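Asks: Okay, sequence plus prediction incoming.
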Amino acid sequence: MSSYAFAQREPDIVRPDSSNTFLNVNNTSKKDTAAIKKYNPKIAIVRSAIIPGWGQATNKKYWKIPLVYGALGTTTYLFFRNVKQYKDSKQAYILATDNDPSNDNQIKQPYYTVRSQPERIKAFRNAVRQNADYCVLFFILFWGINVADAAVDAHLKTFDISDDLSLQLKAGYSPLAGTNGISLVLQIGK
């Protein structure tokens, strides 16, 4: 007499829902059906790409929204501060190198104290220009991380963390090899 052991589950019955998501209705009651509602990662990705933090709100990860705006707001602030310093240092360099001492009173602080050393002003101008470029790069990077985080959260929203996961040893028969043996079976769900 031969007995067969199968490690595969029956396929879930899936039906479309009105909100473009799908429900797993195999072996679940109506009450459990709402709890198993699958989030659509595409919606979270598009929302996060349009407005930062909207994907996190879709995934109900509200605590991440201040982190998103903190990162993007900091880089925005630093960008505008560096652009202002760049404009001031550029004007100071032009006034310091024009060989007209009557214009030196138009040089703003802290550049006025080093007006006799225009190369220092030029070096500072180049440094703040580079910092402004880095701010743009980090802004784009943080926006991308925001979108990626929303996508990962949406994918993991329906990850099964129930106590129904089990690993069992079962005796079985392999029709392909024609032998009896022991199988290691991971049963997922009910």
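Replies: Yes, it's here.

Asks: Show me what stretch 140-148 is in contact with.
Replies: Counting by CB atoms under 8 Å, 6 or more residues apart in numbering, stretch 140-148 makes contact with I45, S48, A49, P52, G53, G55, Q56, V68, A71, L72, T75, all of which sit outside it. Using the backbone N, CA and C atoms, a C-beta is placed for each residue, glycine as well.

Asks: So what's the residue count around the last one?
Replies: With neighbours defined by other CB atoms under 10 Å, the count for T75 comes to 19.

Asks: L184 versus that one, what's the distance?
Replies: Here T75 is placed at a distance of 50 Å from L184 (CB to CB, to the nearest Å).

Asks: Following the chain onward from the longest helix along the chain, which element is next?
Replies: Longest helix in the chain by number of residues (criterion: DSSP state H): helix 118-156. Using DSSP states H and E, the next helix or strand after helix 118-156 towards the C-terminus is strand 166-174.

Asks: S183 belongs to a helix?
Replies: No: read with DSSP: H, G, I helix; E, B strand; the rest coil, S183 is strand and lies in no helix.

Asks: Count residues in the vicinity of the residue lying closest to it once chain neighbours are set aside, would you?
Replies: In space, and not counting its chain neighbours, S183 is closest to G172: 4.6 Å by CB to CB, 6 or more residues apart in numbering. Neighbouring residues of G172 were enumerated by other CB under 10 Å; the total is 18.

Asks: in terms of contact, does G172 touch T179 like I think?
Replies: No: counting by CB atoms under 8 Å, T179 is not a contact partner of G172; they are 9.8 Å apart.

Asks: Show me the contacts of stretch 140-148 that map onto helices.
Replies: Restricting those to those inside helices, with DSSP H as the criterion, leaves I45, S48, A49, G55, Q56, V68, A71, L72, T75.

Asks: Same list (these) but as a markdown table, adding distance to S89.
Replies: Listed next are the ones in helices among the contacts of stretch 140-148 as a markdown table, based on distance: CB to CB, whole Å:
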| residue | distance to S89 |
| --- | --- |
| I45 | 40 |
| S48 | 36 |
| A49 | 35 |
| G55 | 39 |
| Q56 | 38 |
| V68 | 32 |
| A71 | 27 |
| L72 | 26 |
| T75 | 21 |
